[in-house]
Structures are given as C-alpha cells and as structure tokens.
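In: show me the folded form of this:
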Amino acid sequence: MSTRQKLHLDELDMEREVVRYLRDNPDFFERHLDLLADILLPHESGRAVSLVERQVSVLREQRDEQRNKLKLLIQTARKNETLNTHINALMLALLDATSLQEILEIIQTRLADDFDAETVVVRLFNTGHPYLAELPELVDWSEPVMGAFEKVINGRKPVCGALKPGQLDALFDDAAGQIHSAALVPLVANEEGGKCYGLLAIGSRDRNRFRADMGIVFLSQLGKVLSRVLKGQLEN
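Out: Down below sits the predicted model:
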C-alpha cells in the first residue's frame, strides 16, 4: 500500500470518528458556537453557506411542508363536515317523505343541489304500483330490461364506472349519449338478502366523476334509506 493510500484511509477513519462523535454529542456546537460561522456547506445554487444558514433553510422547508399538510387536513375536514351535513339532511328529508312523488323530488333536488349530480333517475322493478302511471320518471321495468343489470342487482352493492350502451339507453333515455360515467345503486334494504325494488342511477358527463375504485359508503347508505322509504310506499 502506498503512502498516499494509507493517508486516504486514515482520513476516512478520522471522518467516521468525527461523525460518530457528533452524533453522540448533539450539543457539541452549543459548546462551540464560534465554529458554526466557520463551517461551510455546498448549496444548490453553487455558493457556499454556513451551517447555521443551512439549518435555518432546512427548518423553513420543514415548516412549509408541515404547514401545507395542515392546510390540506383542514380543507379535507371542512369538506367532510359539509358532506356529512348534506347527507344527514338528505336522509332526514327522505324519512319525512309521504309519497312517491315527494321521494322522487327529494332525490332529484338534493343530489343536484348538494352533491352536484348532473343526471339522476330512479327505475323500479315489477312493483305493479298504481301511482306509477302518474309518475313517468318511475318506470316499472320488465324482465328483459332488468337482465341488463343482473350483475348489479345480484351484487346488491353500488357500482361505479362506465356503462354499456344498452344500460345507458335503458337508464338515461335521450341523455344517454352525454353520460360517460355513472353510479348504480341497487335499492335493497338489506345487502345480504331481500327484495330489490329497483335502481338509483347518477350519471355524469365527466369520465372520472364515477370510477370503479372509488368509495361507496355514502351510496350504500343512500340506497338503504331510499329502499326503506320506497318499501313503505310500495308495499302499503
């Protein structure tokens, strides 16, 4: 080994000892404040800065990062609070409804005003209810049409995403060509079993509004409440 190589190894050993010492003694610079102004660190701009300046810079970056995280958390909390308020108002309004027409109006109005829903339709299955003739929006579907939604009905849980052309036509009529994503909510009071009264469909022109991977907690709650309310109207 050459003398130069030996000196290099000795320097590396010394650096390791210095690093180890500083880590073991974090108060070192408090006892040697004069060194802080003399120590220089490379900066992204190319100029050298003192250790104090670098520490201040790092602390500012950390502060800004934490501030942005806190701001995001506050915004999310406010959105969730508003969402919960709208959900509670919708549920209470549905529970207070006294007719099929009132239920339909509540669903249409609340989802449009409070949840920015562009298109909302309700389709019922073979109920034979006499009031359906007076409510053209509520279509009493036959077996062939129900077959296009067999998977959703059997799954008994809301699904979101793009629909097939036949499904779009059955749900949204003339507006079908403008709907690029949708949420389908099977109207079942119990996801484990029991009768399915129909479907609630919410359509959007935005392809990303309703995605297959999005959460369905609110849609599930809405479907259960709407099913209970419909049951009271359709089976009495």
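
In: Gly232: how many residues sit nearby?
Out: Per other C-beta atoms under 10 Å, the neighbour tally for Gly232 reads 13. Quick note: C-beta positions are derived from backbone N, CA and C, even for glycine.

In: per-residue confidence, it, what does it come out as?
Out: According to the prediction, Gly232 has pLDDT 83.

In: any idea how far Leu104 is from it?
Out: 14 Å (C-beta to C-beta, to the nearest Å).

In: likewise for Glu235?
Out: Taking C-beta to C-beta, one finds Glu235 at 17 Å from Leu104.

In: repeat that for Val225.
Out: 14 Å.

In: do the same with Asp13
Out: Counting by C-beta to C-beta - Asp13 and Leu104 are separated by 82 Å.

In: the two: who's more crowded?
Out: Leu104 (17 against 10).

In: I'd guessed that one sits against Val122; true?
Out: Yes. When contacts are counted by C-beta atoms under 8 Å, Leu104 is listed as touching Val122 (6.2 Å).

In: average pLDDT across the strand or helix carrying Arg123?
Out: Take DSSP states H and E as the rule and Arg123 turns out to sit in strand 119-125. Per-residue pLDDT over strand 119-125 has a mean of 85.

In: residue numbering should commence at 180 henceforth.
Out: Yes, from this point I'll number from 180; that puts the last item at strand 298-304.

In: just checking, what packs against that strand?
Out: Counting by 3 or more C-beta pairs under 8 Å, 6 or more residues apart in numbering; DSSP states H and E, the packing neighbours recorded for strand 298-304 are helix 279-294, strand 318-320, helix 344-351, strand 375-383.

In: now with 10 Å?
Out: In terms of contacts (3 or more C-beta pairs under 10 Å, 6 or more residues apart in numbering; DSSP states H and E), strand 298-304 is packed against helix 279-294, strand 318-320, helix 322-326, helix 344-351, strand 360-367, strand 375-383, helix 396-413.
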